[in-house]
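just the structure for this:
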Amino acid sequence: MHGVIRPPLPSCLPLDEVTLPQKLKESGYATHIVGKWHLGFYRPACMPTNRGFDSHLGYLLGAEDYYDHSRDYQVGKVSMFGKDFRNNTDPTKDYQGQYSLFAFVKRVENIIESHNASTPLFMYVPFQNVHGPLQVPDQYKTPYEGITNGHRRSYAGMTSALDEAVGNITSKLKESGLYNNSVIIFSTDNGGPIGSANNWPLRGSKGTLWEGGVRGVGLVHSPLLSPTVVGQVNREFIHVSDWFPTLVEGVAGGNLNGTKPLDGFNVWSTIKDGEKSPRKELLHNIDPLYGLQSTEYEWSEETQQTYTRLMSQLKPAASFNTSMHAALRVGDWKLLTGNPGGMDWHAPPESNISPILPIVDPKQNIWLFNITDDPCELHDLSKKNPKVVQTLLDRLEQYWSTSVPVQYPPPDLDANPSKHGNFWGPWKE
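Take a look at the predicted model:
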């Protein structure tokens, strides 16, 4: 896959895909989303409440202002600007000036209070915190006045506000009597950005294929877990795609009938009982359009030229090649190809440690690491282990040859919020 869905791109989660909430509804669940969608919205059919959720309060884009809930985007000489906050499918200004986290927690608490306990409940709560822009009420930054770096201080305050929000939701579950039969999953989606977050001592950051960009952390909290795993760290292979079958089959007791072939595994026994993971490898990504990455925050003439060139190279019969931005983990081994993204090690600003810049051959496009022994990716072993490299390249070729073609259309000026009541929202039928 390539990147994310930018605001004016006519694209969304393919409509022929069966979603997690749709499968959970088959098992009788009430389903709600509170927070960020970011799976596309160019058609009404793409909206959250048309993809299996009973309700949605939140925003459609990937990022916006935490208080006025607005977002701008530049396409050539065209400036787009609009609000992005919705109650179900309806745009709303009712939350203008309110910090998004507070609005989201209140909605979650209302859902819990009004829920009929005889019906199973699924809530997906993708908070805006701690995504940029770095904004938080002052009272959450005050405890961190000793942090001199302003970005880090705001980030710390945003994290404290998020921590408080999770605590409030957990307390509400206990008050309602739902807690004792609940599974609470808290997970990151990627490594943090340089300058505010801290991936140290791992290499790289958000948007890269180094461990600092792809190694996620999370927790599962539930009275339903085996006592033998409570308080333990699980280092088994678990990938984001595993949540779908794990929640549908493992937690809800449903089935996967009607879905397309899935990449994920049901790892509920791995989580609940500490059993070995059925997953033996992780495909981090294969992105033939990675060359767009540095220019598409605004869609300029340079972006369009790069886009046209890269798309022309994507012939259906084209084989995988090592210029592609890709990474694969099999057992202890991790192979990276192409341009993995920023190659530095960045310590937090308060450490006073300057970024460590590796000496890299500009023509190099293959790296191999033993991640178990070397999680910080200090020692490239590709030249010492050519057979391992070839085995993993063959596996990448298998993934590439069976992959779905990249769906990444150019921006559509009809998405301009000025044409839709100054709100970002669907613009095609």
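
can you list the low-confidence ranges for the stretch 301-429 of the chain?
315-317 (pLDDT under 70).

how about Val105, phi and psi?
phi -60, psi -40 (degrees, to the nearest 10).

which SS class is the residue nearest to it when sequence neighbours are not counted?
Nearest residue to Val105 in three dimensions, chain neighbours excluded: Ala165, at 4.8 Å (C-beta to C-beta, 6 or more residues apart in numbering). (C-beta placed from N, C-alpha, C; glycine too.) With DSSP: H, G, I helix; E, B strand; the rest coil as the basis, the three-state label of Ala165 is helix.

count the neighbours of Ala165 for me.
18 (other C-beta atoms under 10 Å).

go ahead and confirm it touches Val136.
No - applying C-beta atoms under 8 Å as the test, Ala165 and Val136 come out as separate, 11.7 Å apart.

need the overlap of contacts for these two.
Asn129 (C-beta atoms under 8 Å, 6 or more residues apart in numbering).

against Asp65, how distant is the residue nearest to His325 when sequence neighbours are not counted?
Using C-beta to C-beta, 6+ apart and skipping residues adjacent in sequence, the residue nearest His325 is Tyr290, 3.5 Å away. Noted for Tyr290: a distance of 28 Å to Asp65, by C-beta to C-beta, to the nearest Å.

which one's more surrounded, those two?
Between Tyr290 and Asp65, counted using other C-beta under 10 Å, Tyr290 has the larger neighbour count: 22 against 16.

which residues touch the residue most central in space within the chain?
When C-alpha atoms, centre = their mean is applied to the chain, the residue found nearest the centroid is Asp189 (3.8 Å). Going by C-beta under 8 Å, 6+ apart, Asp189 touches 216, 240.

residues in contact with the residue nearest to Val105?
101, 104-105, 127, 129.

which parts of the protein are helices?
Secondary structure of the chain (DSSP state H): helices at 20-26, 100-114, 138-141, 150-176, 211-214, 243-245, 268-273, 301-312, 386-401.

that older thread, now do the residue nearest to His325 against Pro340, distance only.
On the measure of C-beta to C-beta, Tyr290 and Pro340 end up 9 Å apart.

what touches both of those two?
With C-beta under 8 Å, 6+ apart, Tyr290 and Pro340 have common neighbours His325.

hmm, which two among the contacts of Ala165 are most spread apart?
By the measure C-beta to C-beta, Val105 and Asn129 form the most distant pair in the contacts of Ala165, at 10.6 Å.

so, low pLDDT: which residues of the stretch 51-200 of the chain?
If you take pLDDT under 70 as the line, the stretch 51-200 of the chain has no such spans.

burial of Tyr166, as a residue count?
You called it Tyr, but residue 166 is Val. Counted with other C-beta under 10 Å, the neighbours of Val166 add up to 15.

what about stretch 398-409, how long is it end to end?
Stretch 398-409 has its terminal residues 25 Å apart, counting by C-alpha to C-alpha, to the nearest Å.

begin at 758 from here
Got it, first residue is 758 now, which makes that one stretch 1155-1166.

gap between that stretch and the chain center?
Mean-position distance between stretch 1155-1166 and its chain equals 19 Å (C-alpha atoms, centre = their mean, to the nearest Å).

what lies in contact with that stretch?
758-760, 766-768, 771, 1040, 1043-1046, 1071, 1073, 1076-1077, 1081, 1085.

give the buried residues for it.
1156-1157, 1165 (16 or more other C-beta atoms under 10 Å).

same question for stretch 770-781.
775-781.

pipe those residues into a markdown table and attach pLDDT and distance to Trp1181 per row.
A markdown table is the format used below for the buried residues of stretch 770-781 (pLDDT from 0 to 100; distance: C-beta to C-beta, whole Å):
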| residue | pLDDT | distance to Trp1181 |
| --- | --- | --- |
| Val775 | 97 | 26 |
| Thr776 | 98 | 21 |
| Leu777 | 98 | 24 |
| Pro778 | 98 | 22 |
| Gln779 | 98 | 24 |
| Lys780 | 98 | 28 |
| Leu781 | 98 | 28 |
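
and of those, the nearest to Ala1172?
Out of those, the member with the shortest distance to Ala1172 (by C-beta to C-beta) is Thr776, at 23.0 Å.

domain ranges for this protein?
777-1037+1167-1176, 1040-1158 (automatic domain parsing).

how far does the longest one sit from its chain's centre?
Read that as domain 777-1037+1167-1176. 8 Å.

and the end-to-end length of that domain?
With C-alpha to C-alpha, one end of domain 777-1037+1167-1176 sits 33 Å from the other.

what does the last one give?
Taking C-alpha to C-alpha, the first and last residues of domain 1040-1158 lie 14 Å apart.

the closest residue to Trp794 other than its chain neighbours and Phe1126, how far apart?
Spatial nearest neighbour of Trp794, chain neighbours left out: Leu817 (4.9 Å); criterion: C-beta to C-beta, 6+ apart. Distance of Leu817 to Phe1126, given as C-beta to C-beta: 38 Å.

OK, contacts around the spatially closest residue to Asn886 that is not a sequence neighbour?
Nearest non-adjacent residue to Asn886, counting by C-beta to C-beta, 6+ apart: Leu919, 4.2 Å away. Applying C-beta under 8 Å, 6+ apart, we find Leu919 in contact with 858, 884, 886-887.

now, of those residues, which are buried?
Neighbour-count burial (16+ other C-beta under 10 Å) applied to the contacts of Leu919 gives 858, 884, 886-887.

going by distance to Gly1182, which of those residues wins?
Phe884 (21.5 Å).

please tell me how far that closest one sits from Leu1150.
The value you get for Phe884 to Leu1150, if C-beta to C-beta is used, is 39 Å.
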